[in-house]
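Q: Predicted coordinates and the sequence they were generated for:
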Amino acid sequence: MSHPSEEDLVLHHYGEAGAPDGVESHLASCPSCAAAFAALRADLSAVTEDEVPARGEDYGRGVWRGLQPRLVSRPAERRAPAFRWWAPAALAASLVAAFLIGRHFPAGPSPAPISPQGRDRIFVVMVGDHLERSEMVLLEVVNAGGKGPVDVRAAQESAENLVAANRLFRLSARRSGEPGVASVLDELERVLLEVAHGPSQLGPEQRAQLRRRLESGDILFKVRVLESTMRSREKQMAVSGTAS
Amino acid sequence: MERMAGSDDDTETVAQARAGDADAFRRLVERHSRNVFRLAYRMTRNEHDAEDVVQEAFLRAYRNLDRFEERAHFGSWVYRIAANCAYDSLRARERRQESAAPVTIDETGDGPVAEPPSDEPAPDRLVFGGEVRRRVALAMRRMSALEKSAFTLRHFEGMSIEEIGRALDLDASAAKQSVFRAVRKLRNALGRDAGLRPTT
């Protein structure tokens, strides 16, 4: 064989199946290639691993504690499609959101009043749940498998309800002086609207476009950060509520 | 390398988790968390990011349990998901850094390094004083998220090019080229000329 390229030598070094045949025998008979290969090996052997911070035997329990609140009950296998379960939840969220900003509260005698702290806590819990549901709907759409078009009508239905809830949460955030929350919700709303009013059959390229759109604005990242912030606030409120 | 071995115990536990048994999923999380963390840390080289990757990987695994093939090993499956999550994390970090402080990134790695190399860059001489380590770290910082991910999975985790492609949602050719570019950047940082081929 002719002299192997640096790429060939890299593949040979790692024992890759794609390495061309005959590299080994060529190296045995070609001093310059043997020297090049030895140099490559020396360079790669210089790349050693950083020490990984230790994690104890009970690490998994801590991971589970962090994970558990984010998990929702899995529907048993062979039940309704995965999207369906959060459609009513999204609808319920919009009703609570409406209640929070006091727009759709029924006329007549008020029920027991809710303190400002109680209202804040409902807001924080509901926005956290709303962000999680929105993230799941968007991820399910962009990660839908298969090479052909995927039917996303169920996700669109959920997105439609989430848009309604999102609008109300956004208004509520703005009124209560939380411009950061309102800004993320504003960005999220635009994407949810795209999904809700887009085609009901999405091909791989359309899903890839949506993924690029989400990545270009770091939207999912912002949603996750805000969700995490809301969860932290929820915990702090629970602690201070218990303490008082 | 500590690739996740498949466990016979997982088969039944996965089946229970798929049927909606949260406690079964807890056992899977507890069994595989440390390995997932090790992978996440090797890829992100940041403890906080690695913790986020662990959470995200198990969350994605949970949401996609229906797609898990029963004949596969859960450990290997969640390992691939974690690699993908770590890659996402690196890309997000890359975007944040780009928007915070735009820098010119030399895609080939053949351009001048951020710090000028010393007059005598031969790797065997650089061993002393941790110079090699410093230069490797510099090269890793100069890699794109994709190059860093592909190289880490190939060099430290022992994944084949094909497995890397599957883990990062790439075709094998893109995975291979990413490894090559990463190696070139490393060698460049170590002062090794990439043009190693003898002339015929």
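A: In hand now; what should we look at? Residues are numbered from 1 along each chain as shown, chains lettered A, B, ... in the order given.
Q: any low-confidence regions in the chain?
A: If you meant another chain, say so; for now it's chain A. Judged by pLDDT under 70, chain A has its weakly predicted residues at A:1, A:72-115, A:144-147, A:241-244.
Q: let's do chain B instead
A: For chain B, the stretches with pLDDT under 70 are B:1-8, B:98-129, B:193-200.
Q: mind listing the helices for it?
A: Using DSSP state H, the helices found in chain B span residues B:8-18, B:22-44, B:47-63, B:74-100, B:123-126, B:131-142, B:145-155, B:161-168, B:172-189.
Q: Tabulate those helices (a markdown table), appending distance to A:Leu138 and mean neighbour count.
A: (C-beta placed from N, C-alpha, C; glycine too.) Formatted as a markdown table, those follow (distance: least, CB to CB, whole Å; neighbours: other CB atoms under 10 Å in any protein chain shown):
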| stretch | distance to A:Leu138 | mean neighbour count |
| --- | --- | --- |
| helix B:8-18 | 24 | 16 |
| helix B:22-44 | 23 | 22 |
| helix B:47-63 | 12 | 21 |
| helix B:74-100 | 14 | 20 |
| helix B:123-126 | 47 | 15 |
| helix B:131-142 | 31 | 18 |
| helix B:145-155 | 21 | 25 |
| helix B:161-168 | 20 | 21 |
| helix B:172-189 | 25 | 22 |
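Q: And the helix or strand that A:Asn161 is a member of, what's buried?
A: Element membership for A:Asn161 (DSSP states H and E) is helix A:153-175. Using 16 or more other CB atoms under 10 Å in any protein chain shown as the burial criterion, the residues of helix A:153-175 that qualify are A:154-174.
Q: helix/strand/coil for the nearest residue to A:Gly128 once chain neighbours are set aside?
A: Nearest non-adjacent residue to A:Gly128, counting by CB to CB, 6 or more residues apart in numbering or on different chains: A:Met230, 3.6 Å away. Counting by DSSP: H, G, I helix; E, B strand; the rest coil, the backbone at A:Met230 sits in helix.
Q: which residues does A:Met230 contact?
A: Applying CB atoms under 8 Å, 6 or more residues apart in numbering or on different chains to A:Met230 gives the contacts A:Val124, A:Val125, A:Val127, A:Gly128, A:Leu131.
Q: what's the closest of the helices of chain B to chain A?
A: With CB to the nearest CB as the measure, helix B:22-44 is the member of the helices of chain B nearest chain A (3.2 Å).
Q: Measure how that closest one sits relative to helix B:74-100, angle-wise.
A: In terms of direction (axes from the mean of the first three to the mean of the last three CA atoms, to 10 degrees), helix B:22-44 departs from helix B:74-100 by 50 degrees.
Q: Look up how far B:Leu39 lies from the residue most central in space within chain B.
A: Nearest residue to the geometric centre of chain B (CA atoms, centre = their mean): B:Ser149, 3.3 Å. From B:Ser149 across to B:Leu39, the span is 11 Å (CB to CB, to the nearest Å).
Q: Redo the helices of chain B as a markdown table? Include distance to chain A.
A: Formatted as a markdown table, the helices of chain B follow (distance: least, CB to the nearest CB, whole Å):
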| stretch | distance to chain A |
| --- | --- |
| helix B:8-18 | 6 |
| helix B:22-44 | 3 |
| helix B:47-63 | 5 |
| helix B:74-100 | 5 |
| helix B:123-126 | 6 |
| helix B:131-142 | 5 |
| helix B:145-155 | 6 |
| helix B:161-168 | 6 |
| helix B:172-189 | 5 |
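Q: The helix ranked longest in chain A: which residues count as buried?
A: If you go by DSSP H, chain A has its longest helix at helix A:116-143. Neighbour counts over helix A:116-143 (16+ other CB under 10 Å) mark A:119, A:121, A:123-142 as buried.
Q: rewinding a little: touching both of B:Ser149 and B:Leu39, which residues are there?
A: Counting by CB under 8 Å, 6+ apart, the contacts common to B:Ser149 and B:Leu39 are B:Ala83, B:Ala86.
Q: quick one on the thing from earlier: for A:Val52, find the nearest of the helices of chain B.
A: Of all these, helix B:22-44 sits nearest to A:Val52, with 4.9 Å by CB to CB.
Q: Against which helices or strands is the closest one packed?
A: Counting contacts by 3 or more CB pairs under 8 Å, 6 or more residues apart in numbering or on different chains; DSSP states H and E, helix B:22-44 is packed against helix A:59-67, helix B:8-18, helix B:47-63, helix B:74-100, helix B:145-155.
Q: Could you chop chain A up by domain?
A: Domains of chain A are assigned by automatic domain parsing as A:6-45, A:79-243.
Q: ok, the nearest residue in space to A:Arg153 that is not next to it in sequence - contacts?
A: In this structure, A:Arg153 finds its nearest non-sequential neighbour in A:Ser200, 4.7 Å apart by CB to CB, 6+ apart. Residues near A:Ser200 by CB under 8 Å, 6+ apart: A:Asp151, A:Val152, A:Arg153, A:Gln156.
Q: would you list these in a markdown table and tack on distance to B:Ser144?
A: Converted to a markdown table, those look like this (distance: CB to CB, whole Å):
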| residue | distance to B:Ser144 |
| --- | --- |
| A:Asp151 | 35 |
| A:Val152 | 31 |
| A:Arg153 | 38 |
| A:Gln156 | 35 |
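Q: Between the residues you listed, which sits nearest B:His48?
A: The shortest approach to B:His48 among the contacts of A:Ser200 belongs to A:Val152, at 34.2 Å (CB to CB).
Q: what's the neighbour count on that closest one?
A: 25 (other CB atoms under 10 Å in any protein chain shown).
Q: What of A:Arg213?
A: A:Arg213 is flanked by 15 other residues according to other CB under 10 Å.
Q: give the contact list for the spatially closest residue to it that is not a sequence neighbour.
A: Leaving aside its sequence neighbours, A:Arg213 sits nearest to A:Val191 (CB to CB, 6+ apart; 6.9 Å). By CB under 8 Å, 6+ apart, A:Val191 lies in contact with A:Leu138, A:Leu210, A:Arg213, A:Leu214, A:Ile219.
Q: Compute the distance between A:Val191 and B:Arg187, please.
A: As for A:Val191, its distance to B:Arg187 is 42 Å (criterion: CB to CB).
Q: coming back round to it: the residue nearest to A:Arg213 falls within a strand, correct?
A: No. The assignment for A:Val191, made by three-state DSSP, is helix rather than a strand.
Q: Counting only helices, which of the contacts of A:Val191 make the cut?
A: Using DSSP H, the subset of the contacts of A:Val191 located in helices is A:Leu138, A:Leu210, A:Arg213, A:Leu214, A:Ile219.
Q: Give me the spatial nearest neighbour of the second one, chain neighbours excluded.
A: Spelled out, it's A:Leu210. Using CB to CB, 6+ apart, the nearest residue to A:Leu210 is A:Val142, at 5.3 Å.
Q: Surely that neighbour touches A:Leu214?
A: Yes. If you go by CB atoms under 8 Å, A:Val142 and A:Leu214 touch, sitting 6.7 Å apart.
Q: so how far is A:Phe221 from A:Arg133?
A: Separation of A:Arg133 from A:Phe221 (CB to CB): 17 Å.
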